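S.K.: here is a sequence together with a model predicted from it:
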Amino acid sequence: MMRKRGIGMKTLILFTTRHGCTAKAAGMLQSRMGQGADAVNLMTDSVPALSEYETVILGGSIYYGGIQKQMSEFINKEQSQLASKRIGLFICAAESEEKARQELEGAFPDFLRARAAAADVFGNELDYNKLTMPEKLVLRVVKGKRKKGDGLSSEKINKFAAKMLG
């Protein structure tokens, strides 16, 4: 769990991750957001009260064309509270820039995308050894023999943080 407790907590980074790439991206983002940022994995951690936060950043990775169901369920459940927050959205995706942008648009509902102060694709890192056999087979078919992602973009994460802090 990557949570920093402190006075005046203002930013909550909620993310879903299967193999750790989005957790790494959330940690990088959290360090750039400063003291008042908490990062919480929706798949393993309990979510603090959203009322404690002015800003909520949502992030996840794309599997088989969609964001993890835990993120979708959270957004559906907390729609009204999220509507009153400053919003940031990101995904980690292993697609070309154009395809990744389409995945970003498809990952989050219109009402959040319209409100987002920042939205971007941070890139991807892939640990082939953490994949299940079906995931390895799909990857082999879709991506060929490439076993490594292109990496997370520090530049994109920095720009995203600057927009959210601005």
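M.R.: That came in fine, so what should we check first?

S.K.: so which strand or helix has the residue nearest the centre of the chain?
M.R.: Centrality entry for the chain: nearest residue to the mean C-alpha point is Gly59, 1.7 Å, by Cα atoms, centre = their mean. If you go by DSSP states H and E, Gly59 is part of strand 55-63.

S.K.: so what strands line up beside that strand?
M.R.: strand 11-15 (parallel), strand 66-67 (antiparallel), strand 86-92 (parallel) (DSSP bridges).

S.K.: dump the residue contacts of Val56.
M.R.: Val56 sits next to 11-12, 14, 50, 82, 85-88 when contact means Cβ atoms under 8 Å, 6 or more residues apart in numbering. Quick note: C-beta positions are derived from backbone N, CA and C, even for glycine.

S.K.: would Val47 count as being in a helix?
M.R.: No. Assigned with DSSP: H, G, I helix; E, B strand; the rest coil, Val47 falls outside any helix and is coil.

S.K.: what's the per-residue pLDDT of it here?
M.R.: If you check Val47, the pLDDT there is 95.

S.K.: understood, closing this out.
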